[in-house]
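K.L.:
Sequence plus predicted model, see below.
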Amino acid sequence: MSDTHAQSVAFVRESEIPPAPPPVAETGALKWVRENLFSGWFNSIMTILGLIVIWYLLSGLIPWIVNGTWEGENVRDCREILQGNGGGCFAVIAQRWEQFLFGFAYPDEFYWRPTLAFLLLFLAVPPALFAMYLPRWTLIATGLYPFVAYWLIWGGSILSPLVVLLGVVGGYFAFNAGERRFGFALGLVAALLATLAIWWIGGTIAGEFSRVGRLEAVASRDLGGFMLNMILGIVCVSLSLPLGIALALGRQSKLPFIKGVCVVFIEFVRGVPLITLLFVANVVLAYFLPPGTNFDLIVRVVIMITMFSAAYIAEVIRGGLAALPKGQYEAGDSLGLDYAQSMRFIILPQALKISIPGIVNVAVGLFKDTTLVSVISMFDMVGMIRGPILSSTDWAGGIYWEPWAFACILFFVVCYGISQYSQWLERQLRTDHR
Amino acid sequence: MTIATDPHGAGQGFRVGQLISDTRYRSYTFQFIALVLLILAFGWLISNMFANLEDLGQDISYEFLSNPAGYDINQQPIPYTSQDTHLRATIIGAMNTLIVAFLACATATVFGVIAGVLRLSNNWIISKLMAVYVEMFRNIPVLIWILIIFTLTANVFPQPRDFRGEEATAAPLFGIIPVTNRGIYVPAPYFTNGIGAQEIEPGTKVTIANSASSANWLIVLAVLAGSFFAARAITGWADKRQEATGERPKTWAMILATWFVPIIITLFALGLHWDIPALRGFNFQGGLLARNSLIALWFALSIYTGAFIAENVRAGILAISKGQTEAAAALGLRPGRVMRLVVLPQALRVIIPPLISQYLNITKNTSLAIAVGYMDLTGTLGGITLNQTGRALEAVLLLMLFYLTFSLAISAIMNVYNNSVALKER
């Protein structure tokens, strides 16, 4: 500054002026509302429309839930209690929840068995889902689970699942030994032979001692309700994953015959609706089995749904395989690995990681599609609601939304949970640093 | 396991051991083994099939297709009576499948695009509302949605008798479209002049019974096609003028006239009338009935698939980098043109492949019609025909072939389109 005013300074500010609060419209909730809800005339109209929709939905939903009753033996009791106040008759769920979950034919004194199997699921699944945080040995729980669950749900002697388990374990060791000595392909053959041998021997022994560790057997046709959806979903996804990997590798293979077979299979299965495959399971598959054999319907359905989802998983994994840079394949070759080794150690770990979101999408879709078995008169959740529950004399007429809402909630919880898990897993597996 | 190909070994002739140890021959060995296994497996299955057929005293024959069907179909795009053959019933089923698939694809696209765009909106309420819609419909099976909407139409919509008399509790939508628990009645258009017109005595009432043949729709279609090409010619002429003089002539009035004047004149000349549904007896008569099975299937499929399409649309729009929009704005394009000329063509390239597979999903999911009694192909051929004739193998095979052909055809057509919009890389 010039020094003209040097003497005339009467006041020198020594402290900073405290900052003034920003204008009311520029802070806090008001600013947020202005910017997000009423930034223009179009935006304002949309906000108001949105509020009207929400109001409309809630004004129907809240009285339905709040005024609803859980008491009552049948629909007439419900009407009496509700007196037309718009409440829901949730008594149908309170009365019939066991049928919703287990079907109408599962013996009620054994409900603890599928329930226990379901609870054990929470022990068996985390080692596979959160493999990076839990010690490796916990995977034993995952490996044992299918056999325990089978024994609990279907009952019968514990020896038969035990023999199957022994066969699988024996096959694993045979594969390890065989692979070290003769290579991958012959290792597989050795594993197959060992497994079949153990099953054959064990099967005869188990037949002799069929009273050991015996639970009352429950026939497959007695399974139903949400339990059936869960069983079909879990079994078919687990089975279709290895099959899908094999099909994807086959489709990417350089061997023209194998590639052709895989392409035809995948495109055929993807081109037809699941219902036609279920028709095949229901009425056609029996024609192709040796005369006199009689498969469980549930086994036939599992076979067809597994084929169906394997084709979709194969396409997802093929995408993952195609997305890998060519250098990864060449790196495997240049290390001197053979096809099986380079796939197991280099290609598949990366390709599967890329494919996780797609695989989870297929799994969720598959779980939802298990409801289609109600079309071939199996009594899953949807089949139970349409058949035994809504047409029973107690609940027919006037009850529609409560059972469907219950089904919607169960499916939503499971499917939304799976998709949230996949998003979490994607973040965990992201090894590039962004 | 891999044993490097020995360059000197090639001259020494062929040894049997090379079939396993030599990479040149090993692939043939594996493929041969696979072929033999496949042939054995198929041979086993087919021999089982013949053994089973013999046990049951059946054979494989498609003669049942020419036998009278003996059942009624509640939605008939072409005339059909229960005396007609199974083949005709099958064809009607296939047409019904295509009808609902086409309708659902169209509306699902509309729902999906709207929801996808709105989910990206700055408006917090709207975007959260759309997120709820998408998550809710994606995570609950479509079969449950179909059944819920079917229950809704069958139990909540008013009965036809509610429209009757002075104290009617329900009124047709816009006065002409009654929404009942049997379905929605829509006024049906028909022509009195044109191809197949009958002489009508003056004073007689014009009805759908004495109308001209429906082949007149071909004339209408031809006129619309003519308008389409004329409008394109006008746009082309405007483009040329713009290139020559730098000024674009105003064309919107001409284009509007090209679209509307010919079709209005044609419809007037053909004598367009509307058959308006009216309450007669216990039910509405006249008009077109969209049964509630069709409504439920159509609406459920489109709103369910719409949620998936919304996610595809959102992903497509997010895939376009913000720089593209800014660059277009820097060139001086207005927001509408930025969207139309820069963002949408690039976003479509990302959106179309998943959209195709959603259309295929809709087509395959129409087979759920059997759950609500809509007579599509699965309901006729795979349902009643199969159960009446007991020809499970043949019926299921035909059913699968139809869906397979249709799926492959759609994906072929869509792939051609997809290639035409794909990124042209040098």
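P.N.:
Structure received.
K.L.:
List the residues that contact A:Q350.
P.N.:
Contact partners of A:Q350, counting by C-beta atoms under 8 Å, 6 or more residues apart in numbering or on different chains, are A:G320, A:L324, A:Q328. For glycine as for every other residue, the C-beta is placed from the backbone atoms N, C-alpha and C.
K.L.:
Tell me the buried residues within these.
P.N.:
When neighbours are counted using 16 or more other C-beta atoms under 10 Å in any protein chain shown, these contain these buried positions: A:G320.
K.L.:
Give me the contacts around the helix or strand harbouring A:E267.
P.N.:
Assigned by DSSP states H and E, A:E267 falls within helix A:256-271. With contact meaning C-beta under 8 Å, 6+ apart, helix A:256-271 is reached by A:247, A:250-253, A:277, A:307-308, A:310-312, A:314-315, B:30-31, B:34-35, B:38, B:403-404, B:407-408.
K.L.:
State the mean pLDDT of that helix.
P.N.:
The pLDDT scores in helix A:256-271 average 91.
K.L.:
which other helices and strands contact the helix or strand following it?
P.N.:
Later in the chain than helix A:256-271, the nearest helix or strand by DSSP H and E is helix A:274-279. Applying 3 or more C-beta pairs under 8 Å, 6 or more residues apart in numbering or on different chains; DSSP states H and E, one finds that helix A:274-279 contacts helix A:297-323, helix B:392-421.
K.L.:
Need the contacts of A:Q350 in JSON lines (columns: distance to chain B and pLDDT).
P.N.:
Below are these laid out as JSON lines (distance: C-beta to the nearest C-beta, whole Å; pLDDT from 0 to 100):
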{"residue": "A:G320", "distance to chain B": "17", "pLDDT": "89"}
{"residue": "A:L324", "distance to chain B": "20", "pLDDT": "87"}
{"residue": "A:Q328", "distance to chain B": "18", "pLDDT": "89"}
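K.L.:
Point out where chain A drops to low pLDDT.
P.N.:
A:1-9, A:432-434 (pLDDT under 70).
K.L.:
For it, just list every one of the strands.
P.N.:
Applying DSSP state E to chain A gives strands spanning A:156-157, A:214-215.
K.L.:
The ones you listed: which one's closest to A:F130?
P.N.:
Minimum separation from A:F130 across those (C-beta to C-beta) falls at strand A:214-215, 30.8 Å.
K.L.:
Enumerate the residues of the stretch 251-400 of chain B near chain A.
P.N.:
When proximity is defined by C-beta under 8 Å from any C-beta of the partner chain, the stretch 251-400 of chain B lies next to chain A at B:364-365, B:367-368, B:370-371, B:378, B:382, B:386, B:392-393, B:396, B:399-400.
K.L.:
For the nearest residue to A:F279 once chain neighbours are set aside, list the residues it contacts.
P.N.:
Nearest residue to A:F279, sequence neighbours excluded (C-beta to C-beta, 6 or more residues apart in numbering or on different chains): B:V396, at 5.2 Å. Residues counted as contacts of B:V396 (C-beta under 8 Å, 6+ apart) are A:T276, A:F279, A:V280, A:V283, A:V284, B:G382, B:L386.
K.L.:
Next, the buried residues of whichever helix or strand B:G112 is part of.
P.N.:
With elements delineated by DSSP H and E, B:G112 resides in helix B:86-119, which encompasses its position. Using 16+ other C-beta under 10 Å as the test for burial, helix B:86-119 gives B:86-101, B:103-105, B:107-109, B:111-113, B:115-116, B:118-119.
K.L.:
for stretch B:116-133, same thing?
P.N.:
B:G116, B:L118, B:R119, B:S121, B:N123, B:I125, B:I126, B:S127, B:L129, B:M130, B:Y133.
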